[in-house]
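[1] only geometry, no sequence info:
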């Protein structure tokens, strides 16, 4: 099982980034996909989630209206479009795959850093 994030980097306040997470080693289309983030000295927080077929999404209040999660099951990839970035969004962003099917299945990527600075 592998989740590989990409797309992080340095962006100015007010700018945009698009994170990608490519999955392999499991049946991607059966998993809810989530993006988490963790800033230094803070707990990991759930940023956005999307159901297995992409019919429903959910966002943390702090990113509603600015971030959009989407997925392409044909490409085994989930995305996070981030707009109007602020210093509060600066963190290590992690991709997560989750499914409950009798047992809990939970996979994590290694993270991609987002830095917001002028």
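    Nice, I can see it. Model, not experiment: these values are computed from the prediction.
[2] check the gap between the residue at minimal distance from the centre of the chain and residue 94 for me.
    The residue at the geometric middle of the chain, judged as the C-alpha nearest the mean C-alpha position with CA atoms, centre = their mean, is residue 35 (2.5 Å). Distance of residue 35 to residue 94, computed by CB to CB, to the nearest Å: 7 Å. The way it works is simple: take the backbone N, C-alpha and C, and place the C-beta from them, glycine included.
[3] and what of residue 67?
    As judged by CB to CB, residue 67 and residue 94 stand 14 Å apart.
[4] one more: residue 112?
    Applying CB to CB to residue 112 and residue 94 gives a distance of 8 Å.
[5] quickly list what's touching both of these two.
    Overlap of the contact sets of residue 112 and residue 94 (by CB atoms under 8 Å, 6 or more residues apart in numbering) consists of residue 5.
[6] how about stretch 105-118: buried residues?
    107, 109, 111-112, 114, 116 (16 or more other CB atoms under 10 Å).
[7] just how off-centre is it within its chain?
    With CA atoms, centre = their mean, to the nearest Å as the basis, the distance from the averaged C-alpha position of stretch 105-118 to the chain average is 7 Å.
[8] got it, and stretch 51-70?
    Averaging C-alpha positions (CA atoms, centre = their mean) puts stretch 51-70 10 Å from its chain's average.
[9] and the contacts of it?
    Outside stretch 51-70, the residues within contact range by CB under 8 Å, 6+ apart are 29-33, 35, 45-50, 71, 73, 78-85, 88-89, 99.
[10] correct me if wrong: the residue nearest to the centre of the chain contacts residue 92.
    No: Residue 35 sits out of contact with residue 92 when judged by CB atoms under 8 Å, with a separation of 11.2 Å.
[11] what ranges does this protein have for its strands?
    If you assign secondary structure with DSSP state E, the strands in the chain sit at 2-6, 9-11, 17-24, 32-38, 45-50, 57-59, 67-72, 77-82, 91-101, 103-108, 112-116.
[12] pipe the ones you listed into TSV and attach mean pLDDT per row.
    As requested, the strands of the chain are arranged in TSV below (pLDDT from 0 to 100):
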stretch	mean pLDDT
strand 2-6	97
strand 9-11	97
strand 17-24	98
strand 32-38	98
strand 45-50	98
strand 57-59	97
strand 67-72	97
strand 77-82	98
strand 91-101	96
strand 103-108	95
strand 112-116	97
